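Asks: this one's structure only:
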């Protein structure tokens with residue numbers, strides 16, 4: 001289950017929080033938007049719908065790599081992989097230039113090739 005952790009406005013603090021859809025509660029509140037997105041992305045690496053992820057299903061890259069998306073245009077920096085048991089495939093965590101996070105199937109990614117010439 002990807003998308004268990006959602007960034008939502010926190011009306012009590014006037015900032016943002018991370019909502020856990022599995023436990024129906026806040027996992028972090030009173031955060032700037034970028035920090036809330038980072039926390040949600042980190043929690044997605046740690047937990048699936050049933051609890052903590054098996055360590056064998058998460059792979060962090062020593063150094064993030066530039067990748068292209070399936071349209072073969074720059075897609076951002078890939079910094080971790082998570083194995084989706086439901087779909088039987090690896091999903092990459094990709095950070096966009098604006099700091100937002102996308103979760104993309106391995107078939108939708110390739111290592112970025114700088115233009116030659």
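Replies: Looks like it arrived, so ask away. Note that the coordinates shown come from a computational prediction; the quantities given were computed from them, not determined experimentally.
Asks: Can you check the distance spanned by stretch 96-109, start to finish?
Replies: End-to-end distance of stretch 96-109 (Cα to Cα, to the nearest Å): 13 Å.
Asks: tell me which residues in that stretch are buried?
Replies: Residues of stretch 96-109 classed as buried by neighbour count (16 or more other Cβ atoms under 10 Å): 101, 102, 104, 108, 109. Where you see a C-beta, it was placed from the backbone N, CA and C, and this is true even at glycine.
Asks: Give me the residues contacting that stretch.
Replies: Under the criterion Cβ atoms under 8 Å, 6 or more residues apart in numbering, residues 2-3, 34, 37-38, 40-41, 44, 67-70, 75-76, 78, 81-82, 87, 89-95 lie in contact with stretch 96-109.
Asks: ok, now how distant is the residue nearest to residue 40 when sequence neighbours are not counted from residue 111?
Replies: Spatial nearest neighbour of residue 40, excluding adjacent residues (Cβ to Cβ, 6 or more residues apart in numbering): residue 5 at 4.1 Å. As judged by Cβ to Cβ, to the nearest Å, residue 5 and residue 111 stand 28 Å apart.
Asks: Give me the more crowded residue out of those two.
Replies: Neighbour count, other Cβ atoms under 10 Å: between residue 5 and residue 111, residue 5 has more, with 23 against 9.
Asks: I am assuming the more buried one contacts residue 44, so please confirm or correct that.
Replies: Yes: using Cβ atoms under 8 Å, residue 5 is in contact with residue 44, at 5.7 Å.
Asks: Measure how far the helix or strand bottoming out on mean pLDDT in the chain is from the centre of its chain, please.
Replies: The helix or strand of the chain with the poorest confidence is strand 109-111; it has a mean of 88 (mean pLDDT, DSSP states H and E). Taking Cα atoms, centre = their mean, to the nearest Å, one finds strand 109-111 lying 16 Å from the centre of the chain it belongs to.
Asks: ok, now stretch 51-59?
Replies: When C-alpha coordinates are averaged (Cα atoms, centre = their mean), stretch 51-59 and its chain have centres 14 Å apart.
Asks: ditto for stretch 39-54
Replies: Centre-to-centre, stretch 39-54 and its host chain are 10 Å apart (Cα atoms, centre = their mean).
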